[in-house]
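**Student:** My questions concern the predicted model and sequence given below.
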Amino acid sequence: MLLGAEQHPPFDRPPLSKQVLRGEGSDPWLRPAGDYAGLDVDLRLDCPVLELNTGRRAIRSPGGWLPYDALVIATGASPRRIPGMGGRVVRTLDDARDLRAMLGHGTRLAIVGAGLIGCEVAASARSMGVEVDLIDVLPVPLVRVTGSQVGELVADLHRAHGVRLHLGTAATRTEAGHLRLADGTVLAADVVLEAIGAVPETGWLESSGLRLDDGVACDAGGRAADGVYAVGDVASWDGHRSEHWTNAGAQADQVAAAITGQEPPPPAVPYWWSDQYDVKLQGLGAPAPGDDVHVIAWGPKARTVALYARDGRLTGAVGFSAAAAVMRLRADITAGTAVGEVIDRLTG
């Protein structure tokens, strides 16, 4: 049984800030709604789950209590909001459609938050002829994902496409078609988008007895309690929570194997990607803020590749339209190959 609060069948979220926002192609259904019956899945839409009782091994929906043998919590996260801002968000299919209807050539869009969603919306909006201001309290875009050195390259990419960046300052309030920043700047804004992260959707679990600590606290295999698992944005596995699309899929594979008594797949090297303008950013590994960063030019087209290292050993990589270089580094990241050896291989 698959229960979801949304009215739409399950859909792929990454296109919301890109193809859906730009009005390209069909809606991003994961599969036609009729296919779920073929999988022997009882799909129940517009059916939020209101409560979990682990003692009864049951969940409560608007229609009453439903028993379970195994329960997977995959309620995701809700957009973090700025008190009193009243901006738009992009989290659901309806959010993306509503924002698309508000944007057109010459529209003035202010985006608060220069993370993955903010940067992707900025790129999509510029392709639509929208005037874009991108604001963040941090000094560079994507700093939590790529670090400051690579974040500077992302900032340059957006500036080259006409985005006005306002970094190291906060948005404070909207007023009559304007957005005021903490440094005194006042921006003309027809539309304001809030893209400052997300909060795990755990409110319905307050009385469940599960441990909630930046999401549903799970062991390294996704188990939160007897017969209860959590995956995706809502789940904190072994003290770590990731909001990347690929993480949700990898966790689902491991939990499905546990529930069905199969051998779990080996842990995957963390991976993320982001399409911005004509550049596909791809990242592997889990580098720490203090890691060394080596930026190289790879291949005949001199694609930018950043290699992250700790104690001289490779911990991660980010490429700018350099998939052939980055994606082959999974084994090196797992093995902790000497970063000098990797640099020689990629530049030799």
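**Tutor:** Thanks, I have the structure now. Quantities reported herein were computed from a predicted structural model and do not represent experimental measurements.

**Student:** So which residues of the stretch 151-300 of the chain form strands?
**Tutor:** 164-167, 171-175, 178-181, 186-188, 191-194, 198-200, 216-218, 223-225, 228-230, 235-237, 271-276, 279-285, 292-298 (DSSP state E, counting those that start in this stretch).

**Student:** closest to His105 out of these?
**Tutor:** Among the strands of the stretch 151-300 of the chain, strand 191-194 comes nearest to His105, with 13.5 Å by C-beta to C-beta. Backbone N, C-alpha and C define where each C-beta goes, glycine included.

**Student:** average model confidence for that closest one?
**Tutor:** When pLDDT is averaged along strand 191-194, the result is 98.

**Student:** Who are the packing partners of that strand?
**Tutor:** Counting contacts by 3 or more C-beta pairs under 8 Å, 6 or more residues apart in numbering; DSSP states H and E, strand 191-194 is packed against helix 93-102, strand 108-112.

**Student:** Let's see that with 7 Å instead.
**Tutor:** strand 108-112 (3 or more C-beta pairs under 7 Å, 6 or more residues apart in numbering; DSSP states H and E).

**Student:** Report the buried residues of the following helix or strand past the strand it packs on.
**Tutor:** Using DSSP states H and E, the helix or strand that follows strand 108-112 in sequence is helix 116-127. Judged by neighbour count (16 or more other C-beta atoms under 10 Å), helix 116-127 contains these buried residues: Leu116, Ile117, Gly118, Cys119, Glu120, Val121, Ala122, Ala123, Ser124, Ala125, Arg126.

**Student:** avg pLDDT for helix 116-127?
**Tutor:** 98.

**Student:** Can you tell me what sits against it?
**Tutor:** Here helix 116-127 makes contact (C-beta atoms under 7 Å, 6 or more residues apart in numbering) with 17-18, 21-22, 90, 103, 109, 111, 132, 134, 141-142, 145, 154, 158, 161-163, 193, 195, 274-277.

**Student:** least reliable of the strands of the stretch 151-300 of the chain going by mean pLDDT?
**Tutor:** strand 171-175 (a mean of 93).

**Student:** can I get the CA coordinates of that strand in CSV?
**Tutor:** The C-alpha coordinates for strand 171-175 follow below in CSV (Å, rounded to 0.1, in the frame of the first residue of the first chain):
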residue,chain,number,x,y,z
ALA,A,171,16.5,39.3,2.6
THR,A,172,14.5,41.0,5.3
ARG,A,173,11.1,41.8,3.9
THR,A,174,8.9,42.4,0.9
GLU,A,175,7.1,45.6,0.3
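
**Student:** Output the contacting helices and strands for that strand.
**Tutor:** strand 178-181.

**Student:** before we move on, back to that, ok, of the contacts of helix 116-127, which come out buried?
**Tutor:** Counted by 16+ other C-beta under 10 Å, those give 17-18, 21-22, 90, 103, 109, 111, 132, 134, 141-142, 145, 154, 158, 161, 163, 193, 195, 274-277 as buried.

**Student:** on that earlier part again, of all the strands of the stretch 151-300 of the chain, which one is nearest Thr246?
**Tutor:** Of the strands of the stretch 151-300 of the chain, nearest to Thr246 by C-beta to C-beta is strand 271-276, at 4.7 Å.

**Student:** Does anything pack onto the closest one? Which helices or strands?
**Tutor:** Right, strand 271-276 is packed against helix 116-127, strand 279-285 by 3+ C-beta pairs under 7 Å, 6+ apart.

**Student:** Let's have those in TSV, adding distance to Ala33.
**Tutor:** Shown next, in TSV, are the helices and strands packed on strand 271-276 (distance: least, C-beta to C-beta, whole Å):
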stretch	distance to Ala33
helix 116-127	27
strand 279-285	30
